[in-house]
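Asker: pasting a predicted model and its sequence here:
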Amino acid sequence: MTAAILPFLFILTSALAPPAAVPADVTLDREFELRSGRSVRIEGERLTVTFNRVVEDSRCPQGVQCVWAGNAKVMLRLSKARRRASTMSLNTGLDPKQAAYRGYEVRLVKLDPYPKEGKTIRKRDYVATLVVSRAGSGGADNLIQ
């Protein structure tokens, strides 16, 4: 009897689970959090932002005295409608902290968690706080078309 129920439970829980491949929607000009490996769509813009990975994290850990604060670099992938996708690297401490893509500016506000002495951060635990806006007349630090 129990063996017959297991496939049913598997199908039921699979149907109720939200699909991982469907990105959430976020709004222009508002900060949002994006976990490593996940994507979001910019509401009404047909623009998708994916947080590919953290390329480097040399930020000075809490509890350690360092000569400099360090830097973390994230790799993002942007795509709009059916146009070719592009990647960009943004930094927490060095430039560029923002970049442009097809009329939009993407800015890295912060990266969590912040390193702590003696603790290792798993790649999937990183969360980037980002803001996407329409590109202004001032331009960005790094232009990507």
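Answerer: It's in. Numbers count the residues shown, from 1 in each chain.

Asker: what's in contact with stretch 115-131?
Answerer: With C-beta atoms under 8 Å, 6 or more residues apart in numbering as the test, stretch 115-131 has contacts from 29-37, 49, 51, 53-54, 57, 59-64, 74, 76, 106-113. (Each C-beta comes from the backbone N, C-alpha and C, glycine too.)

Asker: and with 6 Å instead?
Answerer: Stretch 115-131 is touched from outside by 31, 33-36, 51, 54, 59, 61-64, 74, 107, 109-113, with contacts defined as C-beta atoms under 6 Å, 6 or more residues apart in numbering.

Asker: pLDDT of that stretch, averaged?
Answerer: Across stretch 115-131, the average pLDDT comes to 96.

Asker: show me what counts as buried in that stretch.
Answerer: The neighbour-count check on stretch 115-131 (16 or more other C-beta atoms under 10 Å) flags 115, 121, 126, 128, 130-131 as buried.

Asker: swap in stretch 68-87?
Answerer: In stretch 68-87, counting by 16+ other C-beta under 10 Å, buried: 70-80.

Asker: hmm, which two among these are most spread apart?
Answerer: Gly70 and Lys80 (32.7 Å; C-beta to C-beta).

Asker: what about the helices in the protein?
Answerer: Using DSSP state H, the helices of the chain run over 2-16.

Asker: which stretches of it have low pLDDT?
Answerer: 1-23, 137-145 (pLDDT under 70).

Asker: nearest the middle, which residue of it would you pick?
Answerer: Geometric centre of the chain, nearest residue: Phe51, 3.2 Å, by C-alpha atoms, centre = their mean.

Asker: leaving out sequence neighbours, find the closest residue to that residue.
Answerer: Leu34 (4.5 Å; C-beta to C-beta, 6 or more residues apart in numbering).

Asker: who does the one you found bridge with?
Answerer: Note on Leu34: beta-bridge partners Ala128, judged by DSSP bridges.

Asker: show me what contacts it?
Answerer: Leu34 makes contact with 40, 51, 128, 130, according to C-beta under 6 Å, 6+ apart.
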